[in-house]
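In: Build me a structure from this.
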Amino acid sequence: MNSIFKAPISSGTKVTLVFFVVVSIINFIDFIFYVQEPRKMISAIGYALMAYGTYRNGLTKEALDLGGRYGLIVGFVLVVAGFAMRYLPSALT
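Out: Predicted structure coming up:
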């Protein structure tokens, strides 16, 4: 599929895309300059992959680009893993 013929991005998709990019940048900055915890890097990569998947497919039910769909799924798993690394150890003690 050629990206030249891609339909324009809807406003809801733009808001979601900007949210994922901003949160990813915040996590990258937090990892680099402040805490250096692996969960911050994992979450940053996850949000970046979710932004990529949202950009490639938008908010449609059908997957227009299979790579974008996989990026969205893997990104979601990484974000959940980052949350689990933050909250599960304190819940288990």
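In: you'd agree residue 23 is up against residue 45?
Out: No. Residue 23 is not in contact with residue 45 according to C-beta atoms under 8 Å; the separation is 11.8 Å. No exception for glycine: its C-beta is placed from N, CA and C like everyone else's.
In: Quickly find the element holding the spatially closest residue to residue 28 that is not a sequence neighbour.
Out: Spatial nearest neighbour of residue 28, chain neighbours left out: residue 44 (4.5 Å); criterion: C-beta to C-beta, 6 or more residues apart in numbering. Using DSSP states H and E, residue 44 sits within helix 38-57.
In: Let me have that helix in PDB, keeping just the CA atoms, if that works.
Out: Extracted in PDB, the C-alpha atoms of helix 38-57 (Å, rounded to 0.1, in the frame of the first residue of the first chain):
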ATOM      1  CA  PRO A  38      13.700   0.000  32.800                       C
ATOM      2  CA  ARG A  39       9.900   0.400  33.200                       C
ATOM      3  CA  LYS A  40      10.100   4.000  31.900                       C
ATOM      4  CA  MET A  41      11.900   2.900  28.800                       C
ATOM      5  CA  ILE A  42       9.500   0.000  28.300                       C
ATOM      6  CA  SER A  43       6.500   2.300  28.600                       C
ATOM      7  CA  ALA A  44       8.100   4.900  26.300                       C
ATOM      8  CA  ILE A  45       8.700   2.300  23.600                       C
ATOM      9  CA  GLY A  46       5.200   1.000  24.100                       C
ATOM     10  CA  TYR A  47       3.600   4.400  23.700                       C
ATOM     11  CA  ALA A  48       5.800   5.100  20.600                       C
ATOM     12  CA  LEU A  49       4.600   1.800  19.000                       C
ATOM     13  CA  MET A  50       1.000   2.600  19.800                       C
ATOM     14  CA  ALA A  51       1.500   6.000  18.100                       C
ATOM     15  CA  TYR A  52       2.900   4.300  15.100                       C
ATOM     16  CA  GLY A  53       0.000   1.800  15.000                       C
ATOM     17  CA  THR A  54      -2.500   4.700  15.400                       C
ATOM     18  CA  TYR A  55      -0.800   6.700  12.600                       C
ATOM     19  CA  ARG A  56      -0.800   3.700  10.200                       C
ATOM     20  CA  ASN A  57      -4.400   2.400  10.900                       C
END
